[in-house]
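[1] Here is a sequence together with a model predicted from it:
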Amino acid sequence: MNADPDLHAAAERVIAISPFARWIGTRVGDIAPGRVVLRLAVRDEFRQHHGQVHGAVLGYLADTACSWAAATVSGDVVTAEYKINLLAPARGPELEVVGEVVRAGRRQVVARADVFNIADTSRELVATALATIAVVTPRSEEGKP
């Protein structure tokens, strides 16, 4: 998949105005209608007492990927709920999350995300999530007074 330049620019604008997304180091990989790939370099402060990446960081990635994938097809959105399964320890040095729309309706979008640990040449699934995303302003109404 190749990144859509307009969607990529919009995602970068969201990072620029989101203090947490900037602080944590969110990077946009590929992005297209209904799908987004985000990356995150693992820093030591992301680890819990067993040395693996804290579940809250994995939750952030899954939630963000689901909502951003939804936004590419629905407009301005917020997360209504998500459920995450932590499947294996994530140790880094990098994480990648793939968010995809399962079904988009007028008022809500269901999306899923898979979080992968990236180390050398290996890519291991460490978490999977399912989210309900609420549409705040439909894409068709964005920019209208």
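    Nice, thanks for sending it over.
[2] use CA for all of it now, contacts and neighbours both
    Noted.
[3] Show me which strand runs longest in this protein.
    For the chain, the strand that runs over the most residues, judged by DSSP state E, is strand 122-138.
[4] OK, contacts around residue 37?
    Each residue near residue 37 by CA atoms under 8 Å, 6 or more residues apart in numbering is listed here: 28, 29, 30, 31, 65, 96, 97, 98, 99.
[5] and the two most separated of the residues you listed?
    For the contacts of residue 37, the maximum inter-member distance is 13.0 Å, found between 31 and 96 (CA to CA).
[6] Could you report the neighbour count for residue 120?
    Burial measure for residue 120: 9 neighbouring residues, criterion other CA atoms under 10 Å.
[7] the helices in this protein, which residues?
    In the chain, helices defined by DSSP state H lie at 5-17, 19-24, 55-74, listed in chain order.
[8] Let's have the ones you listed in JSON lines, adding mean pLDDT, distance to residue 36 and mean neighbour count.
    As requested, the helices of the chain are arranged in JSON lines below (pLDDT from 0 to 100; distance: least, CA to CA, whole Å; neighbours: other CA atoms under 10 Å):
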{"stretch": "helix 5-17", "mean pLDDT": "92", "distance to residue 36": "9", "mean neighbour count": "14"}
{"stretch": "helix 19-24", "mean pLDDT": "96", "distance to residue 36": "15", "mean neighbour count": "13"}
{"stretch": "helix 55-74", "mean pLDDT": "97", "distance to residue 36": "5", "mean neighbour count": "25"}
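[9] Dump those helices into a markdown table; add distance to residue 41 as well.
    As requested, the helices of the chain are exported to a markdown table (distance: least, CA to CA, whole Å):
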| stretch | distance to residue 41 |
| --- | --- |
| helix 5-17 | 15 |
| helix 19-24 | 9 |
| helix 55-74 | 11 |
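[10] can you tell which of the ones you listed is closest to residue 83?
    When the helices of the chain are ranked by proximity to residue 83, the top entry is helix 55-74, at 8.7 Å, counting by CA to CA.
[11] Between helix 5-17 and the closest one, find me the angle.
    Angle, helix 55-74 to helix 5-17, by axes from the mean of the first three to the mean of the last three CA atoms, to 10 degrees: 140 degrees.
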